[in-house]
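> Following is a predicted model, sequence given first.
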Amino acid sequence: MYELQVEGMSCNHCINAVTQAVQDVDPTAKVNVVLAEQKVSISSEADIERIKSAVEEAGYPVLRTTAS
């Protein structure tokens with residue numbers, strides 16, 4: 001399980017874009033976005049750097065990554 005602090009998310013479109021970016025890397029990933037906290041929780045076996053890159057390529061800068 002990973003948690004990303006992601007900048008720039010403000011609406012349902014953002015949630016869908018970030019979720020799709022993660023699932024493009026790992027179609028089985030579970031993604032939970034909390035807009036108010038700008039946090040994305042991800043349950044995935046994929047490399048976190050690939051996921052982080054995909055989120056950033058979708059236009060959402062990742063400020064911090066933590067593993068739990």
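Sure thing, it's come through.
> Which helix runs longest in the protein?
helix 12-25 (DSSP state H).
> Touching, V62 and E49? I think so.
No: applying Cβ atoms under 8 Å, one finds V62 not in contact with E49, separated by 10.2 Å. To be clear about C-beta, it is placed using only N, CA and C from the backbone, and glycine gets the same treatment.
> Neighbour count for these two, which is higher?
Higher neighbour count among V62 and E49: V62, with 18 against 9, using other Cβ atoms under 10 Å.
> Now do the same for V31: helix, strand or coil?
strand (DSSP: H, G, I helix; E, B strand; the rest coil).
> The closest residue to it other than its chain neighbours: neighbour count?
Closest residue to V31 apart from its sequence neighbours, by Cβ to Cβ, 6 or more residues apart in numbering: T19 at 4.6 Å. The number of residues packed near T19 is 19, by other Cβ under 10 Å.
> for the helix or strand T65 falls within, packing partners?
In the assignment (DSSP states H and E), T65 maps to strand 62-67. Secondary-structure packing of strand 62-67 (3 or more Cβ pairs under 8 Å, 6 or more residues apart in numbering; DSSP states H and E): strand 2-6, helix 48-57.
> now the ones you listed as JSON lines including distance to N32?
As requested, those are arranged in JSON lines below (distance: least, Cβ to Cβ, whole Å):
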{"stretch": "strand 2-6", "distance to N32": "9"}
{"stretch": "helix 48-57", "distance to N32": "14"}
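> What are the contacting residues of the strand holding T65?
Strand 62-67 is contacted by residues 1-7, 48, 52, 55-56 when judged by Cβ atoms under 8 Å, 6 or more residues apart in numbering.
> Just the buried subset of the residues you listed, written out for ChimeraX, thanks.
What follows is the ChimeraX syntax for the buried subset of the contacts of strand 62-67, where burial is set by 16 or more other Cβ atoms under 10 Å:
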select :2,3,4,6,48,52,55
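> The contacts of strand 62-67: which two are farthest apart?
Maximum pairwise distance in those, criterion Cβ to Cβ, is 20.8 Å, between M1 and E7.
> Quick one: residues contacting D26.
Taking Cβ under 8 Å, 6+ apart, we find D26 in contact with 44-46, 51.
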